[in-house]
Structure formats: structure tokens, C-alpha cells
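J.: Turn this into a structure:
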Amino acid sequence: MKVVVGLGNPGSEYDATRHNVGWWLLDRLAYEWDLPVFERKGRALVTEGSRDEEVFRLMKPTTFMNRSGQALTALADLSEFQPEEDLLIVVDDAALDVGRVRFRPQGSPGGHKGLRSVSQALGSDDYGRLRIGVGPPEDDQDLSDWVLSPMSMEDEDVILGLLPELVRGVEVWGIEGMETAMNDFNR
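T.: Numbers count the residues shown, from 1 in each chain. Have a look, this model is predicted:
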């Protein structure tokens with residue numbers, strides 16, 4: 001089983017924020033793949049289904065960004081689950097320009113508190129991630145204020161335009177592996 005976790009914040013006030021682009025992609029995956037409606041399971045909204053004989057579980061933690069790792073405790077119950085091969089965390093990245101994307105097999109959380117929480121919960125930085133660029137803060141804006149603010153229509157259109165390609169990228173990651181996803185989709 002492949003597990004794709006989109007980081008974000010629960011609540012309608014966060015729906016259009018940069019921090020929630022991980023949720024945007026999971027919603028698009030569920031739609032494109034015709035998966036069942038997300039249901040609350042523990043500390044996440046979860047759905048799952050198959051693509052090309054591979055089972056995918058999609059999870060949207062409901063713990064708020066900084067505590068995202070708490071939603072991953074249920075993964076310990078999955079037999080043969082190996083985070084370094086079977087887990088992909090989808091996250092916003094203010095260090096990447098809007099529209100840039102990076103599949104990576106591992107790495108440090110950097111300054112991202114959601115990734116830090118995931119790494120703490122797993123006890124490792126060895127898990128896949130898909131970073132979606134949301135651009136750096138404008139002027140002297142605080143990073144927290146930036147990622148918790150809605151995007152401009154132009155930036156939102158860029159991200160929404162990427163989602164069909166990223167759906168394919170996640171499928172490639174799950175079926176063909178991280179290296180192929182990196183080669184085909186990083187930009």
C-alpha cells in the first residue's frame with residue numbers, strides 16, 4: 001500500500017491558504033481517481049482505492065499543520081509498510097517559486113513545522129515528499145502570516161493548473177517509483 005499524506009489545516013478559514021495546497025492535491029486525486037468520500041479515521045480524513053493494481057491511501061491530517069505527525073500513528077498498524085518506500089508527504093514550500101515542484105526521496109524538514117512533526121512521529125527523515133512551491137513572502141511579511149493567507153488569483157490559477165499533472169506524478173511515484181517521478185515531474 002502507498003500512503004499519500006497532504007498537509008494542511010482543517011477549517012474553512014484555511015481552505016484557500018498556501019499551507020493547504022497539500023489538501024488541494026489530495027482532493028484532486030480523490031476526484032480524478034473516483035475514490036470514496038474522505039471519512040474521519042482517528043486524526044485524519046482518509047480515503048483509499050486502487051490504481052494499476054497498487055492500493056493508495058490518501059490522508060489529510062486534521063491536527064493542524066504543526067502537529068501533522070500525530071495523524072500518522074495509524075500507519076504503524078499497516079503490515080509491511082516502509083515509510084522510505086511507501087509514504088509521500090505533500091506539502092507547501094515557500095522556498096520554491098509558485099508553480100515549481102520537487103519530488104524528493106528524503107531530506108530534512110528545513111523550517112517546515114509540518115514536516116518536522118512528521119519526522120518526529122516517524123523517528124526519521126527517510127520518507128518521500130512532494131514540495132509544491134507557493135513562493136516566498138512578499139516585502140517584510142512574516143512567513144507564518146504568508147502561508148496562512150489566501151493566494152492571489154494569479155498564483156492560485158498556477159497551482160490549480162498544476163494539479164492534473166501532479167495527479168499523474170503521484171501515480172507514477174506509487175507505481176514506478178520516486179526516481180521516475182523526480183525525472184518526469186520536477187521543475
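J.: How many residues are close by the nearest residue to residue 150 once chain neighbours are set aside?
T.: Leaving aside its sequence neighbours, residue 150 sits nearest to residue 16 (CB to CB, 6 or more residues apart in numbering; 4.3 Å). Using the backbone N, CA and C atoms, a C-beta is placed for each residue, glycine as well. Residues near residue 16, counting by other CB atoms under 10 Å, number 12.
J.: Over to the one 3 residues further on?
T.: When neighbours are defined as other CB under 10 Å, residue 19 has 24 of them.
J.: Tell me how far it lies from residue 58.
T.: From residue 19 over to residue 58 the distance is 18 Å, taken as CB to CB, to the nearest Å.
J.: just the helices in this protein please.
T.: 21-32, 83-86, 113-122, 143-147, 153-176, 178-185 (DSSP state H).
J.: Just want the phi and psi numbers for the closest residue to residue 116 other than its chain neighbours.
T.: Of all residues not flanking residue 116 in the chain, residue 109 sits nearest, at 4.1 Å (CB to CB, 6+ apart). As for residue 109, its main-chain torsions (degrees, to the nearest 10) stand at phi -70, psi -10.
J.: ok, back up a step: including mean pLDDT and distance to residue 65, could the helices of the chain go into a markdown table?
T.: Below are the helices of the chain laid out as a markdown table (pLDDT from 0 to 100; distance: least, CB to CB, whole Å):
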| stretch | mean pLDDT | distance to residue 65 |
| --- | --- | --- |
| helix 21-32 | 97 | 9 |
| helix 83-86 | 94 | 19 |
| helix 113-122 | 93 | 4 |
| helix 143-147 | 90 | 8 |
| helix 153-176 | 97 | 17 |
| helix 178-185 | 97 | 24 |
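J.: Distance to residue 99 and mean neighbour count for these - can I get that in CSV?
T.: Listed next are these as CSV, based on distance: least, CB to CB, whole Å; neighbours: other CB atoms under 10 Å:
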stretch, distance to residue 99, mean neighbour count
helix 21-32, 11, 21
helix 83-86, 28, 17
helix 113-122, 20, 21
helix 143-147, 16, 15
helix 153-176, 4, 17
helix 178-185, 12, 17
